[in-house]
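> Here is a sequence with its predicted model. Questions after.
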Amino acid sequence: MFRKKQSLLLPFIILIVLFIPGLKLSGFIVRLDIIVLISLILYTILKKNGAYLLITQYFFIETILFLIFIISGISACLILGKDLFIVLKSFIYPIVKSYILYCFILSYCYKHKICSDTYNINYYLLICFFIDSIFKLIEWKFSYIKVFWLNLINLDSWWNDTLGYRNLGLSGISIYDYSFAAVVCISIGIYSFKIYNANSILMYCKNFVLFSIVAVSAFLSGRTAFIVMGVFLSIFFFKTSKSILKFIPIFIILPICFLIIFPSFFSSTEFFWIIEPINNALNGNFSTESTNDLIDNHLFIPDNLFGYGIWAQFGDQINSSVHGSDSGFILSILFSGWLGFIFLIFSSIIITIRVIFSSFMNINDKKIFISFILSNLIVMIKGPIFFTSINAFIFFILLTPLVSHRMRRYVNEPA
């Protein structure tokens, strides 16, 4: 086991790759994430590190099945003359960049004798969420900073300053996928607090502040946080309640602090939007405005055996009877057809079975993974959550116990 040495470089790299979009400088779009990714690939080549190939070999069957899903959709895109750039940008690039980032972090940690378990890498991501959340609070308090930042970053005009509080943050847009990923990170972080026996007052206070601010950011970004919280409380924290009970004060002290700093928030439309699911449930109504829109406009059964080769998340009218959708399942079927979608399902099933029966993952590692997968399945009804960069990165993080033991062949550590 490596000593618990931390790295200041890794959170900085994660922040650039996953949180900061292109910057508009002197009439040019500067993509810092692409620059960093190219640097990471070159680093890997120069160091002759086999992490990328190693992980692909370990999950060979799952990788092949997933590639069949991708290739079938891209083939349809090229044959039917659709916009390939939209496909690459919308969901292939986020997964690829998350994979490159994860492989670099894993190999870098092993080369520099840094702890590279699931919880340590998750902590780096949690720090990034914390930095982004602090930036949100600053933008919230000083609106001119928000205006300046939205004008600086390369954000699609449709999203530019149309979402209120959800236009805050380094990426300029924080919606359901941000909410999802932030709550997953907090859940893993709370459990890591237990396994590392971090019982000092200083450690508790540090994590209390960290979890609290990221939690505020998560719930401001979307009600999806309630779904993730419910799944993790039901599965992951079942019989491990002591670790979360320590942070119950968060739910008591946090609203009080928030009320003092931002008194107008609790009478705003955004606040009532956040608590709409709870308010409706208390009144015996389990629907919301967004769920009604989802059912009425986005959920239908596609009839295409083969793909249309389009990522139809932007209201595309494919033909007279088939239109675009926000649902992740329907988007996948429209992209690669039912045949391609079946390969995606098989890939997911095989990797889940591998996790469940793995001897390299303890019971709680497995419970985290199952909670994450189940949360994804639920939220995929609403949107393509798995095909977003931060959540794809978390997926790779959760596979760390399966691949970390194989990394020893690339370092001078005995197996």
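Great, that's in hand.
> Go ahead and confirm Val228 touches Val183.
Yes - using Cβ atoms under 8 Å, Val228 is in contact with Val183, at 4.2 Å. Bear in mind the C-beta positions are built from the backbone N, C-alpha and C, glycine included.
> what secondary structure does Asp303 sit in?
coil (DSSP: H, G, I helix; E, B strand; the rest coil).
> The chain should start at 602 in everything you say after this.
Let's use 602 as the start, then, which means that last one is Asp904.
> count of neighbours near it?
Using other Cβ atoms under 10 Å, the number of residues around Asp904 comes to 9.
> give me phi/psi at it?
Asp904 adopts backbone torsions of phi -110, psi 20, taken as degrees, to the nearest 10.
> Return the alpha-carbon coordinates of stretch 617-631 using PDB.
Presented in PDB, the C-alpha positions along stretch 617-631 are these (Å, rounded to 0.1, in the frame of the first residue of the first chain):
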ATOM      1  CA  ILE A 617      -9.200  22.100 -16.400                       C
ATOM      2  CA  VAL A 618     -10.300  18.900 -18.200                       C
ATOM      3  CA  LEU A 619     -13.700  18.400 -16.600                       C
ATOM      4  CA  PHE A 620     -14.900  21.800 -15.500                       C
ATOM      5  CA  ILE A 621     -13.500  24.600 -17.700                       C
ATOM      6  CA  PRO A 622     -14.900  24.900 -21.200                       C
ATOM      7  CA  GLY A 623     -13.200  26.800 -24.100                       C
ATOM      8  CA  LEU A 624     -12.200  30.400 -23.500                       C
ATOM      9  CA  LYS A 625     -12.800  33.200 -26.000                       C
ATOM     10  CA  LEU A 626      -9.500  35.100 -26.300                       C
ATOM     11  CA  SER A 627      -8.800  37.700 -29.000                       C
ATOM     12  CA  GLY A 628     -11.400  36.200 -31.300                       C
ATOM     13  CA  PHE A 629     -10.100  32.600 -30.900                       C
ATOM     14  CA  ILE A 630     -11.500  29.700 -28.900                       C
ATOM     15  CA  VAL A 631      -8.800  28.300 -26.600                       C
END
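> what comes up buried for that stretch?
Using 16 or more other Cβ atoms under 10 Å as the test for burial, stretch 617-631 gives 617-623.
> Show the average pLDDT along the helix or strand Ile789 falls within.
Here Ile789, judged by DSSP states H and E, is contained in helix 777-796. Averaging pLDDT along helix 777-796 gives 81.
> Can you list the helices and strands that that helix packs against?
Applying 3 or more Cβ pairs under 8 Å, 6 or more residues apart in numbering; DSSP states H and E, one finds that helix 777-796 contacts helix 719-742, helix 802-822, helix 825-832, helix 842-846, helix 964-980, helix 990-999.
> Repeat the analysis, applying 6 Å as the threshold.
Helices and strands touching helix 777-796, by 3 or more Cβ pairs under 6 Å, 6 or more residues apart in numbering; DSSP states H and E, are helix 719-742, helix 802-822, helix 825-832, helix 842-846, helix 990-999.
> Downstream of the first one, the next helix or strand is which one?
When you say that, I think you mean helix 719-742. helix 744-753.
> Go through that next one and flag the buried ones.
747, 750-751.
> With stretch 821-831 instead?
Buried, per 16+ other Cβ under 10 Å, within stretch 821-831: 821-830.
> Pick out the most distant pair among those residues.
Between any two of these, the greatest separation by Cβ to Cβ is 15.9 Å, found for Leu821 and Ile828.
> Run a quick neighbour tally on the residue nearest to Ser691 when sequence neighbours are not counted.
Residue nearest to Ser691 in three dimensions, not counting chain neighbours: Trp912, with 4.3 Å by Cβ to Cβ, 6 or more residues apart in numbering. Trp912 sits with 26 neighbouring residues when counted by other Cβ under 10 Å.
> Hmm, Trp912 is touching Ile693, no?
No - Trp912 lies out of contact with Ile693 (Cβ atoms under 6 Å); the separation is 9.0 Å.
> show me where pLDDT drops low in this protein?
In the predicted model of the chain, residues 602-607, 648-655, 758-765, 794-803, 805, 834, 836-899, 915-924, 1006-1016 satisfy pLDDT under 70.
> report the longest helix in it, please.
Secondary structure of the chain per DSSP state H: the longest helix is helix 929-957.
> now for that helix, which elements pack on it?
Using 3+ Cβ pairs under 6 Å, 6+ apart, helix 929-957 is in contact with helix 661-680, helix 964-980.
> could you redo the last one with a cut-off of 10 Å?
Judged by 3 or more Cβ pairs under 10 Å, 6 or more residues apart in numbering; DSSP states H and E, the packing partners of helix 929-957 are helix 661-680, helix 964-980, helix 1001-1005.
> Report the angle between it and helix 661-680.
160 degrees (axes from the mean of the first three to the mean of the last three Cα atoms, to 10 degrees).
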